[in-house]
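J.: Structure for this input, please:
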Amino acid sequence: MSQKILGRECEGHMHKKMIVFLGAVLLMIWSSAVGAETVRLHGAASTVDSLITPHKEAVEKKTGHTLSVVKSNAGKGLIDLVDGKCDASLASASLEAIVKAARSAGKEVDASKLVLSVAASDEVVFIVHPKNPVTRLTWEQLKDIHTGRITNWKEVGGKDAAIIVFTDAAASATRGLIKQVVMGDQEYSAKAHALDFVAKVNDMVAAHETAIGGLGKGFVKAGEVTIVDSKKVERPLGFITIGQPAGAMKQVIEAFREEANKK
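T.: So this is what the prediction gives:
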């Protein structure tokens, strides 16, 4: 009889330990779920394609947060940020250039409370059609082409043909960066063709033998166009927040920075 009682006591003790263990596991799962957030990121296509998409899965796993990503352009992303539609806008140029991009899209933004957190870097390049003999241009020549001072390829050693300029959307950071860095903040020629998405710059230049365009290097399709030899145009890829990033947003930024800088 005593052995049966002892056996029942042992079973009861084990049962209680199992309940405590399962309770602890459930508490950990619940705590993790409570701490997990959905972080909304809107903006630059270049940053989405070069930074967010390659590392999204790793960052979500590392932080426990879910990323909701909307790809547009840096100016539109900044507008979404100040309108409360996202937690951070995605940047592919300086803060100054992106504020100007938002202005060109019709939104005045107060930059005094904005913070740009850089996670990686990228390069903007200029491309021409493979049949174009002009493969080297100075920044001064690029500036004159984009402002409309140079309108024919023969002026820079090419064929006697009118230059067609394709650019990213007016609210894009790529266009704003080229204007700021290469063009010295001078205006684009009224004849420059602004496209609605940066990847189309590659497609349009590939389709027109006398065209030129500037875009992120990651959007260049090998074999379809030729990258012009010129001085480098480097740019940051990162996140713009209202005030210093904190909580889930800070964790996400740090995780992207770590992933992007892995050797």
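J.: ok, the most centrally placed residue in the chain to Val99 distance?
T.: Within the chain, one residue has its C-alpha closest to the average C-alpha position: by Cα atoms, centre = their mean, that is Thr47, at 1.4 Å. Per Cβ to Cβ, to the nearest Å, Thr47 is found 16 Å from Val99. Glycine gets a C-beta too; all of them are placed from N, C-alpha and C.
J.: re the thing from before, name the secondary structure element that contains the residue nearest to the centre of the chain.
T.: Using DSSP states H and E, Thr47 sits in helix 45-47.
J.: Could you tell me which residues within the helix or strand that that helix is followed by count as buried?
T.: Counting by DSSP H and E, the element after helix 45-47 in chain order, helix or strand, is helix 53-63. Neighbour counts over helix 53-63 (16 or more other Cβ atoms under 10 Å) mark His55, Lys56, Val59, Glu60, Lys62, Thr63 as buried.
J.: Also stretch 62-77?
T.: 62-63, 65, 67, 69-77.
J.: for stretch 239-259, same thing?
T.: Result for stretch 239-259 [16+ other Cβ under 10 Å]: buried residues 239-241, 245, 248-249, 251-257, 259.
J.: mind listing the helices for the stretch 51-200 of the chain?
T.: In the stretch 51-200 of the chain, the segments counted as helices under DSSP state H, counting those that start in this stretch are 53-63, 74-82, 95-104, 139-147, 173-177, 199-207.
J.: closest one to Val124 among these?
T.: Closest of the helices of the stretch 51-200 of the chain to Val124 is helix 173-177, at 6.0 Å (criterion: Cβ to Cβ).
J.: quick one on the thing from earlier: for the helix holding Thr47, give the mean pLDDT please.
T.: The average of the pLDDT scores along helix 45-47 is 94.
J.: Any stretches of the stretch 151-263 of the chain with poor pLDDT?
T.: Applying pLDDT under 70 to the stretch 151-263 of the chain flags residues 263.
J.: One more pass at 50, please.
T.: Within the stretch 151-263 of the chain, no range satisfies pLDDT under 50.
J.: all strands of it, in order?
T.: 164-167, 193-194, 211-216, 226-227, 233-242 (DSSP state E, counting those that start in this stretch).
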